[in-house]
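[1] dropping the sequence and predicted coords here.
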Amino acid sequence: MVAYRLSEAELTELFTGLVVESLAVKQDFGTTTIGCRQCGETLSVGDAVAVALTCYEDHSWEIEGVYCTDHGVDSVAETMGIRAENQAVVGATLESAGYLPPDGNFEPDALTLGAVDVLDYSPTADGY
Ligand SMILES: [Zn+2]
């Protein structure tokens with residue numbers, strides 16, 4: 001496996017417009033909301049959030065959790081623990097830019113990440 005380190009600019013670009021949907025995080029497409037992983041508070045468009053992400057097998061970035069500002073996280077170690085994968089914690093604002101899921105049913109109001117601000121990043125090599 002090739003270990004690499006992404007720049008803050010690359011991370012920002014990767015996460016901007018990323019849909020808030022993953023194996024761990026399911027948004028409610030009907031109401032365009034997502035719950036804080038910690039307290040369950042309903043978060044929607046315009047809300048500031050903190051987001052924890054992991055890049056599985058250096059291939060696919062998956063959101064591990066979305067947090068409200070009260071439970072804002074800012075470090076990979078505290079949120080997920082350092083593993084041998086690319087991991088990041090970012091601040092973002094929820095937007096609704098739409099999403100085309102694998103099943104092909106476009107969700108025009110789907111929550112996505114905007115105004116991404118990288119708070120912490122742990123490259124794969126740090127996990128060894
Ligand atoms: Zn919360």
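    Thanks, I have it.
[2] now do the longest helix seen in the chain: which elements does it pack against?
    For the chain, the helix that runs over the most residues, judged by DSSP state H, is helix 8-15. For helix 8-15, the packing partners by 3 or more Cβ pairs under 8 Å, 6 or more residues apart in numbering; DSSP states H and E come out as strand 86-96, strand 111-122. C-beta: built from backbone N, CA, C; applies to glycine.
[3] can you list the weak-confidence ranges in this protein?
    Along the chain, segments meeting pLDDT under 70 span 1-3.
[4] show me where it has helices.
    Under DSSP H, the chain gives helices at 8-15, 76-79.
[5] got the CA coordinates for the last one in CSV?
    Output in CSV follows, covering the C-alpha atoms of helix 76-79 (Å, rounded to 0.1, in the frame of the first residue of the first chain):
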residue,chain,number,x,y,z
VAL,A,76,-8.7,12.7,15.1
ALA,A,77,-7.2,11.1,18.2
GLU,A,78,-10.1,12.1,20.4
THR,A,79,-12.8,11.3,17.9
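[6] which residues are contacting it?
    52, 64-65, 73, 82, 87-89, 120-122 (Cβ atoms under 8 Å, 6 or more residues apart in numbering).
[7] from those residues, list the buried ones, please.
    52, 64-65, 73, 87-89, 120-122 (16 or more other Cβ atoms under 10 Å).
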